[in-house]
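Student: Sequence first, then the predicted structure:
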Amino acid sequence: MTTIHTQLALAEVSPGMILSDDLLDLQGQVLLPKGATLTEQTIESLHRHNVVSLSIMMGELTPEEEAIQHAHFQLRLERLFRKQDDSPANILLQHYIRNFRLGGQP
């Protein structure tokens, strides 16, 4: 299943929320790992580290929602590449974008 996540300002987060990505400091060090559950103490610590926003897990898509999202991305990609030629560079770009958006499906 696909995880739904959103970016929230630190002022909007509350204890019990779960990080959807690793939280890094300015030097690239992991402050909190993906999947960490926020506590009051953690949130206070993030204020001291001048964290502005966090990527928070909001739930998971159902198989039906995932299929709808897949169809939506497929239509967007078809529209995006509707006037492209068959040059190797365009084909490669399409391949990478499709893999990224459609989960590895050509």
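Tutor: Done, it's in. Numbering: from 1, shown residues only.
Student: from here on, contacts and neighbour counts on C-alpha atoms
Tutor: Fine.
Student: Next, work out how far apart Arg76 and Leu24 are.
Tutor: 32 Å (CA to CA, to the nearest Å).
Student: Same check on Leu77?
Tutor: From Leu77 to Leu24 the distance is 32 Å (CA to CA).
Student: what packs against the host helix or strand of Ser55?
Tutor: In the assignment (DSSP states H and E), Ser55 maps to strand 53-60. If contacts are counted by 3 or more CA pairs under 8 Å, 6 or more residues apart in numbering; DSSP states H and E, strand 53-60 sits against strand 3-9.
Student: can you list contacts of the strand it packs on?
Tutor: Defining contact as CA atoms under 8 Å, 6 or more residues apart in numbering, one finds that strand 3-9 is touched by 20, 52-61.
Student: Repeat that for stretch 69-77.
Tutor: Residues contacting stretch 69-77 (CA under 8 Å, 6+ apart): 98, 101-102.
Student: As TSV, those with neighbour count would be great.
Tutor: Output for these, formatted as TSV (neighbours: other CA atoms under 10 Å):
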residue	neighbour count
Arg98	17
Arg101	14
Leu102	17
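Student: Against Leu54, how distant is the residue most central in space within the chain?
Tutor: Nearest residue to the geometric centre of the chain (CA atoms, centre = their mean): His5, 6.2 Å. Between His5 and Leu54 the computed distance is 10 Å (CA to CA).
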